[in-house]
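Peer 1: Give the three-dimensional model of this entry:
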Amino acid sequence: MAPKLRLGNTAELEEFFEYVGPLSRNRRPPSQARAKKDDPERTSLAVEPPPGSDLQKEFIKIINKFALSSSSEPDSYITDNSHDYDNTPSMALHFKGPYAILIVEIERKQWHYFIRSQSSLPEWFYEAHDTRESPILLPEEVKIQLFNSLWRLLHYILGKMSFGSFENVGSFIRDCNGTKLRFDQACLQIITPQEVSFWSQYEECEGCILLETAKIPETRAIILGTGSPLRYAVRNGNGEICHGTYQFGEYGQYSLNLTEVATDVCTPRMTAEPDAAFLPILTAVVILLSMATLWYVIKGIGKRVVAGRLYARYFAREDNELGSETRVLTAEASVPRSPTRSRLRSLDIFRGFAIALMIFVNAGGGGYGIFSHSVWNGLTVADVVFPWFAFAMGEALVLSLNARLRTSLPRINALQQVATRSLMLSMIGIVLGSSNASWLDVRLPGVLQRLAAMYLIVGALECAFMRTSQDITPGRSLFRDISAGWQQWLATLLLVSIQVCITLLVPAPGCPRGYMGPGGLHLSAHNVTLQNCTAGIAGYIDRLVLGPSHLYQRGTFHKMYHTTVPHDPEGILGILSGVLVVQAGAHATRIMLAYNHARARIMRWVFWSIIFGVSGGALCMFSKNGGPIPVNKNLWSVSYCLVTSSLALGIQAVLYFIVDLKTKWGGRPLYYAGQNALFLYIGSELLKRNFPLHWALTAPTHAQLLAAHAASMLIWLAVGVALHRKRIFITL
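Peer 2: Predicted coordinates:
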């Protein structure tokens, strides 16, 4: 079997085989035709594979690896005999005069080839096989073990790379005009004989004017961001020289030569490739999946071995009173299964998944934009975490209240419990968001405060209208889930309608009616002034009722749009639309309570997922900035609530099918985290700046940040496992 090492292809090798032709035993190259018998340059040749055969093609691919440069001189020797593998395919390369002799040995059989020495080893090969460190030098031939060569090459690459350059094995430049680049930054060198100014703006900034980025008196390099495609223009005293739009890559090196600009559009030239910034994510996913797969395989094998031994020893056969052997009936065979209304395991897994993702994105999400909140409109992974947790809260709320009301607990007492828990959540949320704050600037809205308000509203509706017995009237089974909660949905739709009407019909002072943008530079390119209109009427209500100093001051949109007024994404008006998400979770549980058959449950979850998703997409015209109501996490727009609820229902259906119905996955450790989700969230917020959950990094890269933030998440998952082992479940 020929060794498989494919690293390139050259036309010279094809010419080589045409020139040499089939080699026979003891045939010499032309320069050695008259070599004496004892001449050290004499070479004994084995018969080569037939021309055109698969084996010959494999050899061509092997030789290609060594025909990548012409920097080597004849009579150069490289060797690596530190290990010996009897059955390992090996190659020997020997430079003699104008020829290079390649010897390939497979299972003690050799093939010899001649190559002109102008095609020799590339520089990295000499680095990986330093002759000065080789234990044995053989002037007659150079024997290279393939596996050992690749291992030494790996050491060479890792030795040349710092941990910070893990994202890419092809780019090692981390400097721009003497300044070290950070992640999500690139370097652009502008070549100009005269003084110019560089103006730019990200495409993410909708309708924004270009801002002056740098003045360039002469050829100079500037640092640019890579988070979004960049619109730019180069100007001088006479006007605009050129403009363009370009997506720069992380750590990439680019050049823009203004002396070569022939039109009004100019595009940078890449001088050094950017990093593969998402490679650490792929690596982390592969590692985690591999570890999980290996764990479940080992655990499954262990369970089967132990169970088989116990069954064979104690339970395979039993003697009855008469001495005959009788097989023991299993519980499945003797007792028919009845549908259970116990707590869904998939519910805890879904909530554990949401809390694990929330801890990860709150830690920083590896510095990736996909794990950061959207600047304004749009949807990222970070944007769906909070609504998913609220969805799971709605599911658990209905399960809990249904169990309590079935035990004849008075509804007023159930409402008191809901109100007490809501108040406790609000107080904890204010404490968490009040680090180094005074009475004058303590943040009043927040994540837990929003959860508490939505929990109180939906809990009150359930205490008032929940049915403790299902309607089993013939002919109504198709709409049993709707009939069980139509009053709750009517109240929810009323609240959502109020939110939509206020948003679209009531203008904020000095702002257009129905404006839902970020203000600042938004639409400034169209000569529209919206500097103080951040979040429209929703932002105005928060600033009027709560006061600007009690709102979140570091919004994701602030730096991009250069806003001057604050806006809190967990403000007052968003509570009304957020009730829709919790009510969707409550409806998911009502479906589970109303129908005993798994197929009926899954079909309805999928049905409502499609309804919510299509409705949310229609409101935003299935676009980022289009439609009457775009998807917006900062405002908790109705389309945002519908889309996130749709995703949650779909995931719930999948988890229920895999976990509760087919029992193909136990969900650990997410299942354990979901049992103490609130405790894990509070703990992560309190200790997120403490070691070992956080550590300082100098000039961090995505790989370093991803490792640090993933470690924080895994530590809290381990805490969830430990709490489960100790049977500790912390709730309010």
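Peer 1: Pull the number of nearby residues for Gly674.
Peer 2: Gly674 has 26 neighbours, counted by other C-beta atoms under 10 Å. Every residue, glycine included, has its C-beta placed from N, CA and C.
Peer 1: In PDB, list the C-alpha atoms belonging to the helix or strand containing it.
Peer 2: Element membership for Gly674 (DSSP states H and E) is helix 670-675. The C-alpha trace of helix 670-675 is given here as PDB (Å, rounded to 0.1, in the frame of the first residue of the first chain):
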ATOM      1  CA  LEU A 670     -27.300  20.500  31.400                       C
ATOM      2  CA  TYR A 671     -30.000  18.600  33.200                       C
ATOM      3  CA  TYR A 672     -28.200  19.200  36.500                       C
ATOM      4  CA  ALA A 673     -27.600  22.900  35.700                       C
ATOM      5  CA  GLY A 674     -31.300  23.300  34.900                       C
ATOM      6  CA  GLN A 675     -32.300  22.200  38.400                       C
END
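Peer 1: Helices of the stretch 401-550 of the chain, residue ranges please.
Peer 2: With helices called from DSSP state H, counting those that start in this stretch, the stretch 401-550 of the chain shows them at 411-432, 447-465, 480-483, 486-505, 536-545.
Peer 1: where among those is the average confidence lowest?
Peer 2: The weakest mean pLDDT among the helices of the stretch 401-550 of the chain belongs to helix 480-483, with a mean of 86.
Peer 1: Verify the stated contact: Thr468 with Arg404.
Peer 2: No. With contact defined as C-beta atoms under 8 Å, Thr468 and Arg404 do not form a contacting pair (9.7 Å).
Peer 1: So for the two, which residue has more residues nearby?
Peer 2: More crowded of Thr468 and Arg404, by other C-beta under 10 Å: Arg404, with 18 against 13.
Peer 1: Spit out the contact partners of that one.
Peer 2: The contact partners of Arg404, taken as C-beta atoms under 8 Å, 6 or more residues apart in numbering, are Ala414, Gln417.
Peer 1: how near is it to Leu415?
Peer 2: Using C-beta to C-beta, to the nearest Å, we find Arg404 at a distance of 11 Å from Leu415.
Peer 1: I'd say Met713 and Met358 touch.
Peer 2: No. Applying C-beta under 8 Å, one finds Met713 not in contact with Met358, separated by 9.3 Å.
Peer 1: list residues touching both of these two?
Peer 2: Common neighbours of Met713 and Met358 (C-beta under 8 Å, 6+ apart) do not exist.
Peer 1: For the lengthiest helix in the chain, name the packing helices and strands.
Peer 2: Counting residues, the longest helix found in the chain (DSSP state H) is helix 279-310. Judged by 3 or more C-beta pairs under 8 Å, 6 or more residues apart in numbering; DSSP states H and E, helix 279-310 is in contact with helix 702-725.
Peer 1: List the buried residues for the helix it packs on?
Peer 2: When burial is assessed from 16 or more other C-beta atoms under 10 Å, helix 702-725 yields the following buried residues: 702-710, 712-713, 716-717, 719-720, 723-724.
Peer 1: In space, not sequence, find me the middle residue of the protein.
Peer 2: Among the residues of the chain, Ile281 comes closest to the average C-alpha position under C-alpha atoms, centre = their mean, at 5.8 Å.
Peer 1: Now do the contacts for that residue.
Peer 2: For Ile281, the contact set (C-beta under 8 Å, 6+ apart) comprises Gly366, Tyr368, Leu706.
Peer 1: Now distance to Ser346 and pLDDT too, for those, in JSON lines please.
Peer 2: JSON lines is the format used below for these (distance: C-beta to C-beta, whole Å; pLDDT from 0 to 100):
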{"residue": "Gly366", "distance to Ser346": "28", "pLDDT": "89"}
{"residue": "Tyr368", "distance to Ser346": "28", "pLDDT": "91"}
{"residue": "Leu706", "distance to Ser346": "28", "pLDDT": "90"}
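Peer 1: now those residues as a markdown table including distance to Ala354?
Peer 2: Shown next, in a markdown table, are the contacts of Ile281 (distance: C-beta to C-beta, whole Å):
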| residue | distance to Ala354 |
| --- | --- |
| Gly366 | 18 |
| Tyr368 | 19 |
| Leu706 | 20 |
